[in-house]
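J.: need the 3D shape of this:
(2 chains)
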Number of protein chains: 2
Amino acid sequence: MVNRGYTSHANNHLRANNNGHRSWRSDPNWGGYIEQVKVDLKAPCEDLPYLSMDEEYTIIIDDFQALLSSYSVWGMLRALESFSQMVVLSDDGSMLRINSTTIYDGPRFSHRGLLVDTSRHFIDTCTLVKILDGMAYNKLNVFHWHIVDDHSFPYESRTFPELSQQGAYHPSMVYTQADIAHIIEEATLRGIRVMPEFDTPGHTRSWGISHPELLTECYDQYRGKLGPMDPTRESTYTFLSNLFREVIEVFPDRYVHLGGDEVGFECWASNPNILEYMKQNRLYSFEMLEEKFIQRIVDQIDVLKRNSLVWQEVYVNGITRDGLPALLSSCWYLDHLSTGGDWRKFYNCDPHDFIGTGKQKSLVLGGEACMWSEVVNGHNILPRIFPRVSATAEKLWSPASVNNADEAARRLEEQTCRMNHRGIPAQPPNGPGFCI
Amino acid sequence: MVNRGYTSHANNHLRANNNGHRSWRSDPNWGGYIEQVKVDLKAPCEDLPYLSMDEEYTIIIDDFQALLSSYSVWGMLRALESFSQMVVLSDDGSMLRINSTTIYDGPRFSHRGLLVDTSRHFIDTCTLVKILDGMAYNKLNVFHWHIVDDHSFPYESRTFPELSQQGAYHPSMVYTQADIAHIIEEATLRGIRVMPEFDTPGHTRSWGISHPELLTECYDQYRGKLGPMDPTRESTYTFLSNLFREVIEVFPDRYVHLGGDEVGFECWASNPNILEYMKQNRLYSFEMLEEKFIQRIVDQIDVLKRNSLVWQEVYVNGITRDGLPALLSSCWYLDHLSTGGDWRKFYNCDPHDFIGTGKQKSLVLGGEACMWSEVVNGHNILPRIFPRVSATAEKLWSPASVNNADEAARRLEEQTCRMNHRGIPAQPPNGPGFCI
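T.: Predicted coordinates:
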């Protein structure tokens, strides 16, 4: 049933008795019965989602028909998602209702991501698919898979199977090649890219269990320990080149994230070979050494005809001033908790909240919410992510002018209940209430 | 298999090959095989747990026998819980191992509670039973059921069925009499008391949906609203007397919690009848009016031969100085969140952390962790409670001298994994890791 006139509050939907369809005609908001939903994809399908894919779509609900149209299958997926959210069960359960409306919609940013860290705690693939489900319900389009880190190496490599055999927490806590293909398939079906991250040169302790030669030997008070990757050995780069050659075969996305964050310099500073190497190469700081290392990996990825991303612990202003594209994530760390429904802090962050030129702002491709997993695992990751990530998702999709948190609170309440209905154990966002 | 000598770290358990039992004899820690577990209950069973029930027990593991003894069935339940936690699977999975030891154990405080608020969000009975399970694993012994509040009235009253018919969120979100009997039965089997709370005179908005006459009519800028219960009408007390007569039949515990917290005075202050009543009764402040109200309810409970408890928003020092018994909960609010595994703030709180005499300290009967449910429901309440409540549980059970948080962290990691094995989705307490 179509309600004439667009109304956004569920409360405006009308009660009706259950005497069959004809009774609706007496409802003053009644417009007609939808006889068909027409899906008009105006261009050929594409196989894989990608950065700056077309996600725009149009929905026209008139009195007799719903028309969903897009020039891209990705836009059509978003249209179907929106359409599914516009249909509401009538209060008496006898009818589905929808408001007559015309919607032209498209995202503000093309990179709308969620990082999931599967190293600090292993997250089983069923839960990852649930996360993809929830991402699709919120029109997020990049699953940034922070797959390995210091604590465990759950990625099963074809080239170096010993990495997970020795570096995973447990043989059951490994992503097999089949698991990864499954995740990529499920993501693709939802218009979500899977961007892998293999963080180097720091955050690599788990690599060192099977390949200690990759890591820097520490001296002095750190003797006996291994530090970040050893940037002085050619064998390190050969190893990484072979691994990344595999990674780009396994992950079809055009982007690979190379990490590059939080490198501790104490171990490098204690190692005389490192210091000698720096001297010979005129590297006057450990930052320069790190930069040289990362540049070599970036070059490897270039040779493989892929794009790379790295973490930058600097303000977006600095990155874009250098003419480089940027993604914002620092204000959307889902592991940062505070009392109450604490999504407003995420909602109050805008990727353009920095002083810079229009050109600089256009270099912001979007952003990512980050679910670092120090204290989440399969038991609590879903309610920790959902619905808090919905706040980030709206900031990345909707125009900058959509920024009233009180109005967002109502939408979020509805979206949470919708996710619950669809099997996502999203937690209550705002306060007392219920979802039937 | 018994390991000689008490060792508390799982790491000290020995690997053994899988060549059958005899191989264990060559293990230098091998003491013998336990041939029987003897359970020696030295006094008749009691039907219901109660404040200051005897929970002491002894466990003696020698080379051939485990002996669990107690003078009380409640102590025996605690002994069985401890014993179940002392048995560890050997690394190769071929054998259960236990260290030879002698344990004399008993609680520091007799009231070790968990409050669960089922009004701000409804919590289904299956989840409540899981909570009782988790409480038993942590030797908590009072389920403080904050069953109704402003937002919903899920208690199905025999006397006033309209309270939940109109005051519950939804007909499916009601605790029937059968549900409540089930919860009490499950709790009793675990040695856990069920203490109901019917909070008055504030926090009663949901009562007013079916019984607006119970609440104070507000005037002036609050006109059209209803405030706390109306303390001037005799009918209010008659109603409560009838309700509490039912409550003490339904809940066998000796204690009923009467709430009495956070009463807003604006509505009372706006109502001329209230002001006139205060004048006639020489009540010079709203605090005095509130006190008079609560005293009448306390008197009702006295007549019914039960004990009552109320919230006090004052320091424990003040309460015990007046010679009154006290429970601590202010430092154990599980809804207060901070980033990371935030149980240490709970662990760093001790019920005797106030300046007072020994007599005052002996008036502290224990404490309660409080799971206020503004932003928890069935989707996230279990990982929100567990294992954070384990910190409170240890503070309430173990001697004051057990207060090293770093040592507790290791125990908590183990306890979390144990709870996971037993079906409680307890979240990771400390940081990266895994539980197989």
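
J.: send over stretch A:201-215 as PDB, restricted to the C-alpha atoms.
T.: Presented in PDB, the C-alpha positions along stretch A:201-215 are these (Å, rounded to 0.1, in the frame of the first residue of the first chain):
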ATOM      1  CA  PRO A 201      57.700  -3.300   9.700                       C
ATOM      2  CA  GLY A 202      56.200  -3.200  13.200                       C
ATOM      3  CA  HIS A 203      53.400  -5.300  14.600                       C
ATOM      4  CA  THR A 204      55.100  -8.400  13.200                       C
ATOM      5  CA  ARG A 205      56.000 -10.500  16.300                       C
ATOM      6  CA  SER A 206      53.800 -13.300  15.100                       C
ATOM      7  CA  TRP A 207      55.700 -13.500  11.800                       C
ATOM      8  CA  GLY A 208      58.900 -14.100  13.800                       C
ATOM      9  CA  ILE A 209      57.800 -17.300  15.300                       C
ATOM     10  CA  SER A 210      58.300 -19.200  12.000                       C
ATOM     11  CA  HIS A 211      60.600 -16.500  10.400                       C
ATOM     12  CA  PRO A 212      62.800 -15.000  13.100                       C
ATOM     13  CA  GLU A 213      65.300 -13.900  10.400                       C
ATOM     14  CA  LEU A 214      62.700 -11.300   9.300                       C
ATOM     15  CA  LEU A 215      62.900  -9.400  12.500                       C
END
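
J.: give the rounded mean pLDDT of it.
T.: For stretch A:201-215, mean pLDDT is 98.

J.: any residue of it up close to chain B?
T.: No. Stretch A:201-215 lies apart from chain B when judged by CB under 8 Å from any CB of the partner chain; the minimum separation is 10.2 Å. In short, each C-beta sits where N, CA and C put it, glycine included.

J.: now do stretch A:343-357
T.: No. Remark: stretch A:343-357 sits outside contact range of chain B, by CB under 8 Å from any CB, the gap being at least 10.2 Å.

J.: so, low pLDDT: which residues of the stretch 251-400 of chain A?
T.: A:314-315 (pLDDT under 70).

J.: now do the nearest residue to A:Gly106 once chain neighbours are set aside, the pLDDT please.
T.: Spatial nearest neighbour of A:Gly106, chain neighbours left out: A:Glu56 (3.4 Å); criterion: CB to CB, 6 or more residues apart in numbering or on different chains. For A:Glu56, the model assigns a pLDDT of 98.

J.: quick check, A:Glu56 in contact with A:Tyr71.
T.: Yes. Contact criterion CB atoms under 8 Å: A:Glu56 and A:Tyr71 qualify, at 7.2 Å.

J.: what about stretch A:275-286, how long is it end to end?
T.: 9 Å (CA to CA, to the nearest Å).

J.: picking that back up, how about the residue nearest to A:Gly106, what does it touch?
T.: A:70-72, A:75, A:104-107 (CB atoms under 8 Å, 6 or more residues apart in numbering or on different chains).

J.: between those, which is closest to chain B?
T.: A:Pro107 (28.3 Å; CB to the nearest CB).

J.: may I have the secondary structure class of A:Asp133?
T.: helix (DSSP: H, G, I helix; E, B strand; the rest coil).

J.: from the contacts of A:Glu56, which land in strands?
T.: If you go by DSSP state E, the contacts of A:Glu56 have A:70, A:104-105 in strands.

J.: just give the closest residue to A:Phe265, not the sequence neighbours.
T.: That would be A:Phe286: by CB to CB, 6+ apart, it lies 4.1 Å from A:Phe265.

J.: who are the contact partners of the one you found?
T.: Here A:Phe286 is in contact with A:263, A:265, A:268-269 (CB under 8 Å, 6+ apart).

J.: now do A:Ile436
T.: So A:Ile436 contacts B:170, B:172 (CB under 8 Å, 6+ apart).

J.: which pLDDT value belongs to it?
T.: Note for A:Ile436: predicted pLDDT of 91.

J.: what about it, distance to A:Arg97?
T.: A:Ile436 sits 17 Å away from A:Arg97, taking CB to CB, to the nearest Å as the criterion.

J.: A:Met76 too?
T.: Taking CB to CB, one finds A:Met76 at 23 Å from A:Arg97.

J.: can you check A:Glu407 too?
T.: Taken as CB to CB, the span from A:Glu407 to A:Arg97 is 22 Å.

J.: neighbour count winner among those two?
T.: A:Arg97 (21 against 11; other CB atoms under 10 Å in any protein chain shown).

J.: quick one, helices of the stretch 251-400 of chain A?
T.: A:266-270, A:272-280, A:286-303, A:316-321, A:344-347, A:358-362, A:381-385, A:388-397 (DSSP state H, counting those that start in this stretch).

J.: ranking these by burial, who's on top?
T.: helix A:388-397 (a mean of 26; mean count of other CB atoms under 10 Å in any protein chain shown).

J.: which positions in stretch A:396-404 come out as buried?
T.: A:396-397 (16 or more other CB atoms under 10 Å in any protein chain shown).

J.: return it as CSV; C-alpha atoms alone will do.
T.: Extracted in CSV, the C-alpha atoms of stretch A:396-404 (Å, rounded to 0.1, in the frame of the first residue of the first chain):
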residue,chain,number,x,y,z
LEU,A,396,30.3,8.9,5.3
TRP,A,397,27.2,8.5,3.1
SER,A,398,24.9,11.5,3.8
PRO,A,399,25.6,15.1,2.9
ALA,A,400,27.5,17.2,5.4
SER,A,401,24.3,19.0,6.1
VAL,A,402,22.8,15.9,7.7
ASN,A,403,24.3,16.5,11.1
ASN,A,404,21.6,16.7,13.7
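
J.: list of residues touching that stretch?
T.: A:107-109, A:111-112, A:139-140, A:347, A:350-352, A:366-367, A:394, A:408.

J.: so how far is that stretch off the chain centroid?
T.: 18 Å (CA atoms, centre = their mean, to the nearest Å).

J.: same deal with stretch A:40-57?
T.: With CA atoms, centre = their mean, you get 19 Å for stretch A:40-57.

J.: start and end of it, how far apart?
T.: End-to-end distance (CA to CA), stretch A:40-57: 10 Å.

J.: what's the answer for stretch A:185-194, then?
T.: 9 Å.

J.: same question for stretch A:270-290.
T.: OK, stretch A:270-290 end separation, CA to CA: 15 Å.

J.: next one: stretch A:323-336
T.: 30 Å.
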